[in-house]
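Visitor: Sequence first, predicted model second:
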2 protein chains.
Amino acid sequence: MKNILGRDVPDYIEGYGEVRQYKGALSEKEGAIKKNFTFKRVLPGDCKLYKDIEKLMDKLPLKDGMTVSFHHHLRNGDYILNLVMNEIAKRGYKDITIAASSIFPCHEPLVELMEKGIVTGLYAAYISGPVAEAISHGKLKNPVVMHTHGGRARIFESGDRKIDIAFLAAPTCDEYGNINGVEGKSACGALGYAHTDAELAETVVAITDNLVEYPNPIIEINQTLIDYVLVIDEIGNPKGIVSGTTQITKNPIGLKVASLTSKFIEASGYLKDGMSFQTGAGGISLAVAAELKDIMKRKEICGSFASGGITGYIVDMYKEGLFKALFDVQCFDLKAIESTRINKEHIRMSASMYANPNNKGAVVNKLDVVILGATEMDTNFNVNVTTGSNGVIMGGSGGHADTAAGSKLCIIVSQLVNARISVVKDKVTTVTTPGETVDVLVTERGIAINPLRTDLIERFKNSNLPIKTIEELRDIAKTLTGEEKEIKFEDKIVGVVEYRDGTIIDTLKMVK
Amino acid sequence: MKNILGRDVPDYIEGYGEVRQYKGALSEKEGAIKKNFTFKRVLPGDCKLYKDIEKLMDKLPLKDGMTVSFHHHLRNGDYILNLVMNEIAKRGYKDITIAASSIFPCHEPLVELMEKGIVTGLYAAYISGPVAEAISHGKLKNPVVMHTHGGRARIFESGDRKIDIAFLAAPTCDEYGNINGVEGKSACGALGYAHTDAELAETVVAITDNLVEYPNPIIEINQTLIDYVLVIDEIGNPKGIVSGTTQITKNPIGLKVASLTSKFIEASGYLKDGMSFQTGAGGISLAVAAELKDIMKRKEICGSFASGGITGYIVDMYKEGLFKALFDVQCFDLKAIESTRINKEHIRMSASMYANPNNKGAVVNKLDVVILGATEMDTNFNVNVTTGSNGVIMGGSGGHADTAAGSKLCIIVSQLVNARISVVKDKVTTVTTPGETVDVLVTERGIAINPLRTDLIERFKNSNLPIKTIEELRDIAKTLTGEEKEIKFEDKIVGVVEYRDGTIIDTLKMVK
């Protein structure tokens, strides 16, 4: 069974269930989405506050087969997931599904829980490290569901999947559950991915290491959604919370890609007053932002907003008046955290507001230009950011497929050849983002425009920029890399790539 | 059929349906509440913006029998309700139910729509002026449902009633529906009552007279909830938006009541660091706040929060450090509007966060002391603020029953006798707030403590304050007023008083 992208996706997958097949990025234009959830009454005088995790766990409606959720704003410094899962494991529960917005190397203890059948299911938008490797080697009982950031909000808002208990990392919290992420020793900034969990889980636990007097005046998630507040010593390791990834590349090839990208944007017609922009925290992406900043200053262009995970580079552009506002779902560094605390135009948003395709208009719908990376890309512009060159899971969409679908101009930036591996393939290992939503690939060897974008091809037909077809780029790369050998997989499906609308765009197979 | 308060409430009411009988303020302790709503997809490139009301109305799914909703932050200056209802009437629709958080004298044109059968149902927390009189005279086909502010959030969140189209007055808005009430020529401050409508209506229209560039950075209600944005010249009359009600009483009797009240609070044990407090915008209530302010300053007491509709008097107390934070569901004057725009501890909250009994903890649950008014009170401390001495509707609960139920100390302040009418009756015309949630009545002739509060009776047994029984106060009043004649009503039920949990606490009868 091949889907419209030529990917093998059966109509039924054991451990996942019936599959809705991908039919195109915007194929689901109509249809009301039902949002269902339950509340309990907290009466005047009821106390939500616990200072002993054992006592709280005894109070929670834990059970075999439940789904528990976590969000990843503490990134590779997160202590919460391991702490909670250890308590659940101690109590002998099994067959747990974890709905974590992302999984990092620090979550290695999950591997043992998977091997023991304590954890049998996982939903995440991004997975890296030992857990990813274990899944690719078949250690998780049910196929992992790799969704997008916006798709995650959709899954739970639509009731496709239910969260029994959500555990929220709360850098600052009062006794009644008013939470923010911008203050406290474990401050992480915006808490965009936690909103869905707080709104839709049957039971919601806020875990904090900075309990403040009621009412906590800066409220990102409020008391009406929180059942319990647990105080512990440390919710995370500050060094891991704010990772060191947000550096502009120093690699000359990367800088060349960035330079070509900024020139392409300048010539594209999108670089003008009111432009909105998003870029990731990768080295080339940040270099594009730096180039763009110079052009915008020189041309006196004032953009509308920048969005996404926000870095200090983007905050600087806002401070220099290059963007009127910032939409922030997660802060990547201390400067971004500080900014969202003090700047009123630095707007914190939920993942649903950021990228859910099923609400009345996510921020990605208003994006003009987005800069994204790729591990692989095929000649139909389908992008893989989920699996690496060895076929093992090493990432995931995050907001990749969401911003590609929402934006007017989606540019993939990549070295064409890196360590004798080409980014352009005849066939990608995994489709994360469908090619119909990707407009341009910029490499050091040339720029390829998606043939679907006849307007851009026309615009750039006499350009001085090195415009090539994607097939030309593929062939140039082949002269450098030779034929790459295809990765061999087992038949077993260890995961599905769920597109933002809930259809399955691809499957992940067990590596040999 | 008498309910537990001795009120005539049948189990079925024509035009309302099956009645859930009131069983006590906190009788519904358990039970999950289901929240249901539908979303549509707004795709990238879709335009929400309309500048012609006729064109927008042609686009809306208008139909006979629909429920349309409005919120009352523009108070007696509101142009939106009349504007929209005029368009609906022009198009020949009928049998419309209006769910307005409150109705003011400016909504007089509704009377004609009721007489013509265009409007046949009404939900509101407060109704004054010609519409109230028309309802009491039997001009609305179905019984009016008079709920509380928190109850309104519960009604729609629980799915008890569905809003087809919500029309939001949006003092500032961008083209995609990011709304605030703190800027623009029709600024009204917090928009607490509009959240429920935005979240739960099938279709949501924001109507603004201050369209700003996307993105509007101060967002109280966001784009993911808004279907359409309509720009018109004026959404309201600023003179009516900020009404002149927020003045401390100059009446010496009122001042005496306020003085006794503040002394009672001081002696009650509740006046201490961390105290939370709410008072209305009535003249005596504000005088209590002024007295309390002096005591708190003298004793160097710092309260936790003040909540409710916020006035400049309360803002001053916050600025002087007497409260750490303000929870604001609606601003009563310009100083409050300005404050919520600039002070980070002046927190805007939804009506659900304010007072919904069905969520995981409303702000009223954290209230220590609330000061409320009364039109009438019986010897069981049941309070009427819904109907006047002639039996005609002249108000409604608003947050009265919500704060009474949530607070630790609920004090009713009133002149005992005013214009030869006593506030204490053997039987109130209407029960708005059940006596079990009311603790104290303070009048110029003495203070009565609810016998249920044995702790307070004990505490005040040797007090110098004029503590009396409620029966004593009633008898004192009778010597001044003589026997009052009972109001005669027709048998026809023209309305129901819906308690915050959805049970019916009383009915309203047609006046003769």
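Guide: That came through, no problem.
Visitor: ok, stretch A:222-230 near chain B or not?
Guide: Yes - using Cβ under 8 Å from any Cβ of the partner chain, stretch A:222-230 comes into contact with chain B via A:222, A:223, A:224, A:225, A:226, A:227. Using the backbone N, CA and C atoms, a C-beta is placed for each residue, glycine as well.
Visitor: Tell me who's in contact with the nearest residue to the fifth one once chain neighbours are set aside.
Guide: Closest residue to residue A:226 in three dimensions, ignoring its sequence neighbours and counting by Cβ to Cβ, 6 or more residues apart in numbering or on different chains: residue A:177, at 2.7 Å. If you count contacts by Cβ atoms under 8 Å, 6 or more residues apart in numbering or on different chains, residue A:177 has them with A:48, A:204, A:206, A:221-223, A:225-229, B:360-361.
Visitor: is it fair to say residue A:177 lies in a strand?
Guide: No - using DSSP: H, G, I helix; E, B strand; the rest coil, the assignment for residue A:177 is coil, not a strand.
Visitor: and it, what are its phi and psi?
Guide: Per-residue torsions, residue A:177: phi 100, psi 20 (degrees, to the nearest 10).
Visitor: near chain B, which residues of the stretch 201-350 of chain A show up?
Guide: Within the stretch 201-350 of chain A, the positions adjacent to chain B are A:202, A:204, A:213-215, A:217-219, A:222-227, A:274, A:304-305, A:324-325, A:327, A:344-345, A:347, A:349 by Cβ under 8 Å from any Cβ.
Visitor: Quick one: buried ones out of those?
Guide: The neighbour count (16 or more other Cβ atoms under 10 Å in any protein chain shown) marks A:202, A:204, A:214-215, A:217-219, A:222-227, A:304-305, A:324-325, A:327, A:345, A:347, A:349 as buried among these.
Visitor: So which of those sit within strands?
Guide: Mapping those onto strands (DSSP state E) picks out A:204, A:304, A:305, A:324, A:325, A:327, A:347.
Visitor: Could I get the contacting residues of the residue most central in space within chain A?
Guide: Taking Cα atoms, centre = their mean, the centroid of chain A lies closest to residue A:398, which sits 1.8 Å from it. Taking Cβ under 8 Å, 6+ apart, we find residue A:398 in contact with A:102, A:125, A:126, A:148, A:149, A:385.
Visitor: how does it look with 7 Å?
Guide: Contact analysis of residue A:398 by Cβ atoms under 7 Å, 6 or more residues apart in numbering or on different chains lists A:125, A:126, A:149.
Visitor: By neighbours, which of these wins?
Guide: Using other Cβ atoms under 10 Å in any protein chain shown as the neighbour criterion, residue A:149 leads those with 32 neighbours.
Visitor: Can you get me a residue count around the residue lying closest to that one once chain neighbours are set aside?
Guide: In this structure, residue A:149 finds its nearest non-sequential neighbour in residue A:399, 4.5 Å apart by Cβ to Cβ, 6+ apart. Number of residues near residue A:399 (other Cβ under 10 Å) recorded here: 28.
Visitor: And residue A:342, by the same measure?
Guide: So residue A:342, with other Cβ under 10 Å, has 10 neighbours.
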